[in-house]
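Enquirer: Got a predicted structure here, sequence first:
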Number of protein chains: 4
Amino acid sequence: METRLASATPKVPRTGKRRVCFPMTSRAYYGRTQLLVQKLHAHPAIDLQLMLGGSILLDKYSRHIADDIEKGGFSISTSYFNVIEGGNHVAMAKTACLTALEFTNGFHSIDPDIVVVCGDRFEQLAIAMTAAYLNKTIAHIEGGDVTGSIDESVRHAITKLAHIHFVTNADAHRRVLAMGEDPDYVFNTGSLDLELASRVTIALTNDRINGYGVGHAVDITRPFLTVIQHPVTTETENRPHLEATMQAIAQVDLPTIWFWPNPDAGTGEMSESIRHFREHHAAITEKIRFITNVPVDEFIALLRATACLVGNSSAGIKECSFLGTPVVNVGARQQGRLHGEHVVHAPYEAETIARAIRSQLRHGGYGRSDLYYKPDSSQAIVDVIAGIPLYTQKRFRDPVAVPLG
Amino acid sequence: METRLASATPKVPRTGKRRVCFPMTSRAYYGRTQLLVQKLHAHPAIDLQLMLGGSILLDKYSRHIADDIEKGGFSISTSYFNVIEGGNHVAMAKTACLTALEFTNGFHSIDPDIVVVCGDRFEQLAIAMTAAYLNKTIAHIEGGDVTGSIDESVRHAITKLAHIHFVTNADAHRRVLAMGEDPDYVFNTGSLDLELASRVTIALTNDRINGYGVGHAVDITRPFLTVIQHPVTTETENRPHLEATMQAIAQVDLPTIWFWPNPDAGTGEMSESIRHFREHHAAITEKIRFITNVPVDEFIALLRATACLVGNSSAGIKECSFLGTPVVNVGARQQGRLHGEHVVHAPYEAETIARAIRSQLRHGGYGRSDLYYKPDSSQAIVDVIAGIPLYTQKRFRDPVAVPLG
Amino acid sequence: METRLASATPKVPRTGKRRVCFPMTSRAYYGRTQLLVQKLHAHPAIDLQLMLGGSILLDKYSRHIADDIEKGGFSISTSYFNVIEGGNHVAMAKTACLTALEFTNGFHSIDPDIVVVCGDRFEQLAIAMTAAYLNKTIAHIEGGDVTGSIDESVRHAITKLAHIHFVTNADAHRRVLAMGEDPDYVFNTGSLDLELASRVTIALTNDRINGYGVGHAVDITRPFLTVIQHPVTTETENRPHLEATMQAIAQVDLPTIWFWPNPDAGTGEMSESIRHFREHHAAITEKIRFITNVPVDEFIALLRATACLVGNSSAGIKECSFLGTPVVNVGARQQGRLHGEHVVHAPYEAETIARAIRSQLRHGGYGRSDLYYKPDSSQAIVDVIAGIPLYTQKRFRDPVAVPLG
Amino acid sequence: METRLASATPKVPRTGKRRVCFPMTSRAYYGRTQLLVQKLHAHPAIDLQLMLGGSILLDKYSRHIADDIEKGGFSISTSYFNVIEGGNHVAMAKTACLTALEFTNGFHSIDPDIVVVCGDRFEQLAIAMTAAYLNKTIAHIEGGDVTGSIDESVRHAITKLAHIHFVTNADAHRRVLAMGEDPDYVFNTGSLDLELASRVTIALTNDRINGYGVGHAVDITRPFLTVIQHPVTTETENRPHLEATMQAIAQVDLPTIWFWPNPDAGTGEMSESIRHFREHHAAITEKIRFITNVPVDEFIALLRATACLVGNSSAGIKECSFLGTPVVNVGARQQGRLHGEHVVHAPYEAETIARAIRSQLRHGGYGRSDLYYKPDSSQAIVDVIAGIPLYTQKRFRDPVAVPLG
């Protein structure tokens, strides 16, 4: 039957190269993984196939990213519109299911040797699940970390479906082994984000940053804040959590670049809250510029320039560790994650957040940390993907007793 | 927004009891979990909601099971037809995705406190995924075992999505902890299958067993074999693997009860192979009766009566350990699973399988093993489900160094 | 098999009444059909079940409508989040398919005698299709009209799936018969919209209308315009079409209430265009207030008060015929539709639209037309639904030669 | 936005030819349309893309047809597994919805100028719906006929979505015009089935026909019957309807070739009924050979050789009119269809059916009828598809009064 199946379906013709599928489902993926994507694309023994789905195709989250990708000379094999509106948990869950259904057809047609899954977003687990059911070898980037939100469950479940693991730090390495993965297939290659950050040399200009988004112009030659606060899907009160940060920013009273939340469950109430502030409490948002997203190199330059990053983005933990930018990490989204001394934690209380921000402003920049950094992360990953022997049947490895970190 | 969501949807009215959703997706689940289901249903603090989907609704796999369930007085909240035909990996993966999409609607409407997920079938991971995205507390039965097939990946990925774990043996207990689960939420309650097996007292009659299926009458008062060989989804050659067993059975030349394979990927070629033998090599199947399924108590009685069980069913590892029935376990589906001395392993080779069967016939019955058995498993599970404090945000627990089994 | 199916599924218990399902998929439906819904709900021989799906569940299109519906005491049987983001044709088509898939489950569970389908929106055809496949009797409201856009195809295809037809005018009556429908099942009951319009007596206040939406305050005690311009799905240039109207409004230079476009394919580019004008050409939108939607009685009061309605809404053809409000109908969306003398047509050219608006402003109000109006439309429909003998097998009636209107 | 959409998706590169998509969803389509498919494939101005979905991909209905298609040198653009198991109305409706969802992706990627939809099967309406929503020009083959079953609704609903119509007879021509279609786009090209039948010259052998299926050998050099009885989806009692025919065949007591029913709703109970007869009332099926399907040329040869065709297949109305084979048409599936004098109708009563068969056997062969026949149907269709100006916006044409047949 498998023979007939194969012939009945218009597979992309095989080239003798190892075929690698890279499903991209959010703008962040393309930004952060671009060094890797370029190297996979350029490798003589790899046939790279990009597959697009989810919010990366929606203008409001990633205007023109598909054009950018195509300009890069990459081959986009499929693109699926499958984000279900609602901004709540039901919509998020159904988006994952529809994504998986459609990627099944894509994988069947492209027939990759390896599927590369990234991070811990909800749709990536759905994609990993269907890739596993189709007996594809799965490579996972950034497993083993510990955080809050549904990401915590998603990340480890992907680990248990994946065959090759690229972790970004020693703690994560230890945890992936503890979960029974084969030591020969777990690699600490450092963070792609930091490799990218280490190479960004551009400086941001006022013209450039104020060409994005809406709201008030921010003078980035003087101290300013940056806020990135995403919904925490496992919490029911994302709106007051956002409002706490908003009040804190108003108290600190510095010009601020504020990024819209990502499209996870809870995004509806958070966006609504921001719009409410803008329309009805203009004074509070008077010094804020709201931005959807910026190219990744400008994002790094922005993080480098900002006096303090506030919110719950992983960029606060990772990129800022390398850049030395002070961070006030709010709430539970990054809980338990390995982090440097540049991070101060605050609960969802305006006063405490404001106090933490002022303390970080007084401290100023930190020294560079290499917790998540290795040079040439992307090359290390490509080398493994191109050459490692592939397998599909997983087998739990009872770890030899591993001493705690 | 969540408030509005709630009001917009016709939730099943809440009763003050803890609401427990039990998604049933295959006939085996209803059979094996019936003691648990009865106790959940009867518990004064639990509001049990059965949800049906997948092959349990299809006549060919489970004729009349829905009627049986309703006769038991249980409330079926939803039933979804979502098995996609094909018997191949694509159909299996898409079935899982569609199942998850539909159960999302069901969970949204029923709004359970706890979702009970069982074992390691592919659609159960899809259900666990969407339950996790909806922030439900997930209880998982039978995690931590090690086997072959895609079940190995599915089982551990479910563990990393689940909040409460009911394992069946000490090895599994250790592995679930190694994977970072909270020790206060992992319980070795023994196997529900064995609790059930320990209570079955009926004896099977010739009339009864030969009233099922097609093919030749088997006299169960004299030595006979039973074969259960399911597809291994991670293998591409299920047809020759089935044929090896078929040839072995022909060589041993005893009357045989043969169960049709379950509807996993690969079932198409296996069923086709059986039909081919029946139509074109009638001599080989001359002493075989082909049966789709029997009620679970008759199944236990059959296992108890059979001279040797051949194939790759988990019943060979579990039920037969307690019953002492000799088993020839074929191929990789149960590889790595904790088992008693009643099991002899054989590769997919007719000669070797036949030799192993003859050796087991010479040995005869084994003594009872309690590897997987505890009395009152179902009561232990119900007690936890009814009373344990519930949580949703998972957190990896770095285990203290655990010595190997 | 059907027997088993029935027992396996938790049907809503039958009451001896005729069960009527009313799938609501846009805010306009609830507004326009509220007299009908109330009478269906109140009828002693009818068991009304509302089903929600599509954009009616999304805050941005219909904030709080689900709450409103529940306050009305109506029973909402199911609600499905199934709008796929993108605002393009692919998203629209997939939304229809997913809607149909989910309503299949809903119909299976609710098991209605009659499904009421309204108008010509794309998801209503999908719902009618699945209702037909489930052998439900389908009642269709507002068939037989002729317009542009995909609505033209959708409306007539629904007619050929429906069993009972409620048309709003004589032309439509003739066409439904020409298409082979049974004359005993086609009723010209007039337009529900106009029945509702005829009963609205409230007057709108400045406070009230300026409490909605964003932009500049409009003084409705002095002449103002109203714009409703939806995408035309069969056209590829919705953005310049919207811009033509925008330029025309700027030329006429009167305060204007502008409704956001509905979520059909093309809505993305139209919304983007409006946002672009607001952010970058503020002068042009200086006198405009942008509103998502208002309650239906205020909508009627607004139409009555406006000096001229501009755009392509069916309200211009229907409600305004009764109210006597001058209308400039732009482009092809309403082409071919029966209309009164209060309508002036204009192509997508700013100059021509502006000229037509000025001409209508000079003319002022028109007399009432009864082209689409009959008193007690809703009662007439309810009487048929409650009492007519039901059938499912359709049969093309070769019409006796029908003279042209 | 449409521009970006286009670039983001890996369209099949355009060739300057008119691109024609042919969705094939059942084995019958490939058989019956093969002359057309060959000519479309060979035409220098047409780029033909076959899309496979539905039961055509399932072994049990059409073993190896995909291989056959590929051997023909045709390009299969996509193939989707989307048949949902159950054999009931819910499964049928959901299959249609899933088919439409997946074909939306396919159409988006292939971007055809024309989509060719055939006949009146339930999934073809779903495909036509999504093609219409994507603004594709739709050509429909075999519209305008009148029959029973859900096919009656499906066929006319497709007509109201389609832009180009190829009907097979004068009655159908008249009806399609009455429904408001543009006379310049409706063509009576005769039936493709009959064009094919007119060209089949092979004779069937006993060896050949008895190489298919299971059951008893039929000697086709002596009088034999053929039975094709499909479920009628709008009826609830398909099982007794099949049994009536079975009893009639037993009474007539001639060797019989019996085709398994197609996979419409109701097929489950019909197949079960046949299996029940085979296992438990062997005497009744003693002279029957059960066949899934045969290549189309052998099917024509079989119809030509059979003494009488019994059941409700359209082949009885169409092919047999040309071949002169006596037909006993049972029940409502073909009700109202234009037919020749070779057809005798019978209700679902064994006695009446048996009497009608005996009467037809006494009568013997009929003369050829050209009700549905025109030479070169396929060439006529290809000429139109290759050359006619295309449009997408439909417009109801009020027909000039058309006199009845």
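Expert: In hand now; what should we look at?
Enquirer: In chain A, where is pLDDT below threshold?
Expert: A:1-11, A:59-66, A:400-405 (pLDDT under 70).
Enquirer: ranges for the strands of it?
Expert: Using DSSP state E, the strands found in chain A span residues A:18-24, A:46-53, A:76-80, A:114-118, A:137-141, A:164-167, A:186-188, A:214-215, A:225-228, A:256-259, A:288-291, A:308-311, A:327-330, A:343-346.
Enquirer: can you redo these as TSV with mean neighbour count and distance to residue C:195?
Expert: Using the backbone N, CA and C atoms, a C-beta is placed for each residue, glycine as well. Shown next, in TSV, are these (neighbours: other CB atoms under 10 Å in any protein chain shown; distance: least, CB to CB, whole Å):
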stretch	mean neighbour count	distance to residue C:195
strand A:18-24	25	52
strand A:46-53	24	46
strand A:76-80	23	44
strand A:114-118	25	56
strand A:137-141	25	60
strand A:164-167	26	66
strand A:186-188	20	70
strand A:214-215	15	43
strand A:225-228	24	52
strand A:256-259	24	49
strand A:288-291	22	45
strand A:308-311	28	53
strand A:327-330	28	54
strand A:343-346	19	58
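Enquirer: Which of those sits closest to residue C:126?
Expert: strand A:76-80 (19.1 Å; CB to CB).
Enquirer: Tell me where the longest helix sits in chain A.
Expert: Longest among the helix segments of chain A by residue count, using DSSP state H, is helix A:89-110.
Enquirer: list the helices and strands that helix packs on?
Expert: Here helix A:89-110 touches strand A:18-24, strand A:46-53, strand A:76-80, helix A:122-133, helix B:89-110, helix B:122-133, strand D:76-80, helix D:89-110, going by 3 or more CB pairs under 8 Å, 6 or more residues apart in numbering or on different chains; DSSP states H and E.
Enquirer: and with 6 Å instead?
Expert: strand A:46-53, strand A:76-80, helix A:122-133, helix B:89-110, helix B:122-133 (3 or more CB pairs under 6 Å, 6 or more residues apart in numbering or on different chains; DSSP states H and E).
Enquirer: can the shortest one be found next to chain D?
Expert: Yes. On the criterion CB under 6 Å from any CB of the partner chain, strand A:76-80 is in touch with chain D at A:76-77, A:79.
Enquirer: does that strand come close to chain B?
Expert: No. Counting by CB under 6 Å from any CB, chain B is not contacted by strand A:76-80; separation bottoms out at 12.4 Å.
Enquirer: and that strand, how far out from the chain's middle?
Expert: In terms of CA atoms, centre = their mean, to the nearest Å, the centre of strand A:76-80 is found 20 Å from the chain centre.
Enquirer: Using CSV, write down the CA coordinates of it.
Expert: C-alpha atoms of strand A:76-80 as CSV (Å, rounded to 0.1, in the frame of the first residue of the first chain):
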residue,chain,number,x,y,z
ILE,A,76,8.6,28.0,-0.1
SER,A,77,7.0,24.6,-0.6
THR,A,78,3.6,25.3,0.9
SER,A,79,1.7,28.0,2.7
TYR,A,80,-1.4,27.4,4.7
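Enquirer: Could you figure out how far that strand is turned away from helix A:89-110?
Expert: 150 degrees (axes from the mean of the first three to the mean of the last three CA atoms, to 10 degrees).
Enquirer: Can you check what angle separates strand A:76-80 from strand A:46-53?
Expert: 20 degrees.
Enquirer: Strand A:76-80 - contacts with which helices or strands?
Expert: By 3+ CB pairs under 6 Å, 6+ apart, strand A:76-80 packs against strand A:46-53, helix A:89-110.
Enquirer: closest to residue C:121 out of the strands of chain A?
Expert: Taking those one by one with CB to CB, strand A:76-80 is closest: 23.8 Å.
Enquirer: Would you mind measuring from the closest residue to residue A:189 other than its chain neighbours to residue A:163?
Expert: Leaving aside its sequence neighbours, residue A:189 sits nearest to residue A:380 (CB to CB, 6 or more residues apart in numbering or on different chains; 4.2 Å). For residue A:380, the distance to residue A:163 equals 17 Å [CB to CB, to the nearest Å].
Enquirer: So which of these two has more stuff around it?
Expert: Neighbour count, other CB atoms under 10 Å in any protein chain shown: between residue A:380 and residue A:163, residue A:163 has more, with 22 against 18.
Enquirer: OK, contacts around that one?
Expert: For residue A:163, the contact set (CB atoms under 6 Å, 6 or more residues apart in numbering or on different chains) comprises A:137-138.
Enquirer: contacting residues around residue A:192?
Expert: Counting by CB under 6 Å, 6+ apart, residue A:192 has contacts A:32-33, A:36, A:377-378.
Enquirer: Touching, residue A:331 and residue A:349? I think so.
Expert: No. Using CB atoms under 6 Å, residue A:331 makes no contact with residue A:349, being 10.0 Å away.
Enquirer: Compare the two and say which one has the larger neighbour count.
Expert: residue A:331 (23 against 16).
Enquirer: picking that back up, compare the helices and strands packed on helix A:89-110 and give me the one nearest residue D:284.
Expert: Comparison of those against residue D:284 by CB to CB identifies helix B:89-110 as nearest, at 34.9 Å.
Enquirer: coming back round to it: any chance of the strands of chain A in a markdown table, with distance to residue C:26 too?
Expert: Listed next are the strands of chain A as a markdown table, based on distance: least, CB to CB, whole Å:
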| stretch | distance to residue C:26 |
| --- | --- |
| strand A:18-24 | 33 |
| strand A:46-53 | 27 |
| strand A:76-80 | 25 |
| strand A:114-118 | 37 |
| strand A:137-141 | 41 |
| strand A:164-167 | 47 |
| strand A:186-188 | 51 |
| strand A:214-215 | 29 |
| strand A:225-228 | 35 |
| strand A:256-259 | 32 |
| strand A:288-291 | 29 |
| strand A:308-311 | 36 |
| strand A:327-330 | 38 |
| strand A:343-346 | 43 |
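Enquirer: Mind checking the ones you listed for the one nearest to residue C:112?
Expert: The closest of those to residue C:112 is strand A:76-80. By CB to CB, the value is 33.1 Å.
Enquirer: Now do the residue nearest in space to the middle of chain A against residue A:319, distance only.
Expert: In chain A, the residue lying closest to the centroid (CA atoms, centre = their mean) is residue A:28, at 5.3 Å. Going from residue A:28 to residue A:319 by CB to CB gives 12 Å.
Enquirer: Which positions in the stretch 201-350 of chain A make contact with chain B?
Expert: A:234, A:236, A:268-269.
Enquirer: which pair in those residues spans the largest distance?
Expert: Farthest pair in those, by CB to CB: A:234 and A:268, 16.2 Å.
Enquirer: and the helices and strands packed on strand A:76-80, which is most packed in?
Expert: Comparing these on average neighbours per residue, with mean count of other CB atoms under 10 Å in any protein chain shown, the densest one is helix A:89-110 at a mean of 26.
Enquirer: And for that helix, what's in contact with it?
Expert: A:12, A:21, A:49, A:51, A:53, A:77-78, A:80, A:82-84, A:122-123, A:126-127, A:130, A:134, A:265, B:90, B:93-94, B:97, B:100-101, B:104, B:108, B:130, B:133-134, C:81.
Enquirer: next one: stretch A:277-284
Expert: Contacts of stretch A:277-284 (CB under 6 Å, 6+ apart): A:250, A:285.
Enquirer: Going by neighbour count, list what's buried in that stretch.
Expert: By neighbour count on 16 or more other CB atoms under 10 Å in any protein chain shown, the buried set for stretch A:277-284 is A:277-278, A:284.
Enquirer: Would you write a PyMOL line that selects the buried entries of the contacts of residue A:192?
Expert: Provided next is the PyMOL selection string for whichever of the contacts of residue A:192 are buried by 16+ other CB under 10 Å:
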select buried, chain A and resi 32+33+36+377+378
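Enquirer: can you put the contacts of residue A:192 in TSV and add distance to chain C?
Expert: As requested, the contacts of residue A:192 are exported to TSV (distance: CB to the nearest CB, whole Å):
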residue	distance to chain C
A:32	23
A:33	23
A:36	28
A:377	33
A:378	31
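Enquirer: just curious, which of the contacts of residue A:192 is nearest to chain D?
Expert: residue A:33 (17.9 Å; CB to the nearest CB).
Enquirer: now the closest residue in space to that closest one that isn't next to it in sequence: how far from residue A:172?
Expert: With sequence-adjacent residues excluded and distances taken as CB to CB, 6+ apart, residue A:33 is closest to residue A:192, at 5.7 Å. Distance, residue A:192 to residue A:172, by CB to CB: 14 Å.
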